[in-house]
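1. Provided below are the primary sequence and the corresponding predicted coordinates.
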Amino acid sequence: MLCKCVYNMGVSKAAVSKWEQSQSYPDITLLPRLAAHFNISVDDLLDYSPQLSREDSRKLCKRLSAKFTGKPFDCAMAECREIIKKYYSCFPLLYQIAVMFINHAAALPKEQKDELLNEAKGLCRRIVSESGDTLLARDAVYIQCYCALMLENPDEVFALLGETFNTPDVPEDNLLAQAFLLANKPEKAKEIAQCGMYQYLLCLIETTLLYAGITEDNFDTAQVAFERAMTLINIYDMGKLNANTLAKAYLIGANLYCKHEFREKALELLEQYADLCVGAFLPFKLCGDDFFTDVDEWLDSGQLGATIHYDDKILKENMLRSMTDIETFAVLQDEPCYRSIVQRITDYINAK
């Protein structure tokens, strides 16, 4: 049937034979006519889809992520760039790849780290300008800002967000939950309310911990901030919801107490950090619990980076790096307890 079709288009059997043996390829101008003959699109003719399903995107990002631990950096980047070219209009995939780049950047030398972060920013700029998806574009702006901070470029953050803080009087999730309630859809209202609480809870804890770091020279103020963050963490059992937030809290608290010469308290928090790292941290996944019963579908849809694949090896190495890179802990290096904590995490990283 194909031979008859291309013959009618003035293509010889010899040319078809070369196509079949990959010695040459059809003239690209023939593709629309071939597709029209079979009553299909050019994409269908080439077995190509510019969009991927959520599950296919997840699998692809997981495979690409593994390249950064199994292959040289340049090879991993080359494969990622080929995928980006192929699915340049699949904006949710581009967003996931940008987040994946950020996850791997921290463990790389500066030159490669900067390269990954700048690539992530480029993908996000395309999402903002071309996707037409308001929510995805908003998230992409946040990713651009995060990259700019990692690149130590605060002016870029100001350019993207401005220098004043503005927020609506009533959050979007609050309005939606009320609307679903009025529409006699209480289960949907419940889901929206839970997702809003989940997101704002994480944001409140992270911002409170940030404030503890900002005010660390004033011990009383910073300690109150840290203790309030830990109160929220304990009330909501944050170790189950987001172990990374709990790990960050332990390090921020240990840094604060160590800086103000409360070494015993600092070591206590570092012990808890090590317990979390070698215990319940992996496999890392944002999830709900007995209170947040309706957030898993929302998280699986890609919110808060929940669908991004996090390479276990890199996460393990970052556990130790995140602790040992804190200069304040240098005064603890002769403490047997501190050395024991470092050794526990090191053994965990090296265990097969």
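-> Structure's in. What do you need?
2. Against Glu271, how distant is Gly279?
-> 12 Å (Cβ to Cβ, to the nearest Å). From N, CA and C alone the C-beta is placed, and that goes for glycine too.
3. which one of these two has more residues nearby?
-> Glu271 (17 against 11; other Cβ atoms under 10 Å).
4. List phi and psi for that one.
-> Phi and psi for Glu271, reported as degrees, to the nearest 10, are phi -60, psi -40.
5. That one against Glu335, yeah?
-> No. Using Cβ atoms under 8 Å, Glu271 is not in contact with Glu335, being 11.5 Å away.
6. State the distance from Gln178 to Thr215.
-> Here Gln178 is placed at a distance of 36 Å from Thr215 (Cβ to Cβ).
7. wait, I meant Arg81
-> Noted for Arg81: a distance of 43 Å to Thr215, by Cβ to Cβ.
8. Neighbour count for these two, which is higher?
-> Taking other Cβ under 10 Å, Arg81 and Thr215 do not tie; Thr215 has more neighbours (17 against 12).
9. Return the backbone torsion pair for that one.
-> Main-chain dihedrals, Thr215, degrees, to the nearest 10: phi -100, psi 20.
10. Adjust the sequence numbering to begin at 11 for everything that follows.
-> Renumbered: residue one is now 11, and that last one reads Thr225.
11. From Met240, how far out is it?
-> Using Cβ to Cβ, which is the criterion applied here, Thr225 is 16 Å from Met240.
12. what are the ranges of the helices in the stretch 61-210 of the chain?
-> 64-80, 83-96, 101-115, 120-140, 144-160, 164-171, 182-192, 196-224 (DSSP state H, counting those that start in this stretch).
13. So which of those has the densest surroundings on average?
-> By mean neighbour count, with neighbours taken as mean count of other Cβ atoms under 10 Å, helix 101-115 ranks first of the helices of the stretch 61-210 of the chain at a mean of 23.
14. what's that helix packed up against?
-> helix 64-80, helix 83-96, helix 120-140, helix 144-160 (3 or more Cβ pairs under 8 Å, 6 or more residues apart in numbering; DSSP states H and E).
15. Format the ones you listed as TSV; extra columns: mean pLDDT and distance to Ala199.
-> What follows is the helices and strands packed on helix 101-115, written out as TSV (pLDDT from 0 to 100; distance: least, Cβ to Cβ, whole Å):
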stretch	mean pLDDT	distance to Ala199
helix 64-80	81	25
helix 83-96	91	39
helix 120-140	94	30
helix 144-160	91	19
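16. which one of those helices lies closest to Ala259?
-> helix 144-160 (19.2 Å; Cβ to Cβ).
17. now what about that closest one, what contacts it?
-> For helix 144-160, the surrounding residues in contact (Cβ atoms under 8 Å, 6 or more residues apart in numbering) are 101-102, 105, 108-109, 112, 115-116, 123, 127-128, 130-131, 133-135, 137-138, 141, 164, 166-167, 170-171.
18. Check stretch 85-105 too.
-> 60-62, 64, 67, 70-71, 74, 77-78, 81, 107, 111, 125-126, 129, 133-134, 136-137, 140-141, 143, 146, 149-150, 153, 312.
19. could you measure Lys81 against Ala158, distance?
-> 28 Å.
20. correction: Glu197
-> As judged by Cβ to Cβ, Glu197 and Ala158 stand 40 Å apart.
21. Phe168 too?
-> Using Cβ to Cβ, which is the criterion applied here, Phe168 is 9 Å from Ala158.
22. Low-confidence stretches in this protein?
-> 11-21, 36, 38-39, 45, 47-48, 51-60, 177-180, 311-321, 362 (pLDDT under 70).
23. and it, what are its domains?
-> Structurally, the chain divides into domains by automatic domain parsing as follows: 12-55, 64-171, 182-360.
24. end-to-end on the second one?
-> When you say that, I think you mean domain 64-171. 29 Å (Cα to Cα, to the nearest Å).
25. chain center to it, what's the gap?
-> Here domain 64-171 is found 9 Å from its chain centre; the criterion is Cα atoms, centre = their mean, to the nearest Å.
26. these two touch, right, Ser34 and Val26?
-> No. Here Ser34 does not reach Val26: they are 10.1 Å apart, not a contact under Cβ under 8 Å.
27. Show me which of those two is the more surrounded one.
-> A side-by-side neighbour count of Ser34 and Val26, using other Cβ under 10 Å, places Val26 first with 16 against 10.
28. Show the secondary-structure elements that whichever strand or helix holds the more buried one is packed against.
-> Per DSSP states H and E: Val26 is located in helix 23-30. Under the contact criterion of 3+ Cβ pairs under 8 Å, 6+ apart, helix 23-30 touches helix 12-18.
29. OK, contacts around Arg238?
-> For Arg238, the contact set (Cβ under 8 Å, 6+ apart) comprises Thr218.
30. Can I get the helix or strand encompassing it as CSV, trimmed to CA atoms?
-> Taking DSSP H and E as the criterion, Arg238 maps to helix 229-245. Taking C-alpha atoms only, helix 229-245 is exported to CSV below (Å, rounded to 0.1, in the frame of the first residue of the first chain):
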residue,chain,number,x,y,z
PHE,A,229,19.2,34.7,70.6
ASP,A,230,16.0,35.4,72.4
THR,A,231,14.1,36.4,69.3
ALA,A,232,15.5,33.5,67.2
GLN,A,233,14.9,30.9,69.9
VAL,A,234,11.2,32.0,70.1
ALA,A,235,10.9,31.7,66.3
PHE,A,236,12.6,28.3,66.3
GLU,A,237,10.4,27.0,69.2
ARG,A,238,7.2,28.1,67.5
ALA,A,239,8.3,26.4,64.3
MET,A,240,9.0,23.2,66.2
THR,A,241,5.6,23.5,68.0
LEU,A,242,3.9,23.5,64.6
ILE,A,243,6.1,20.7,63.3
ASN,A,244,5.2,18.5,66.4
ILE,A,245,1.5,19.3,66.3
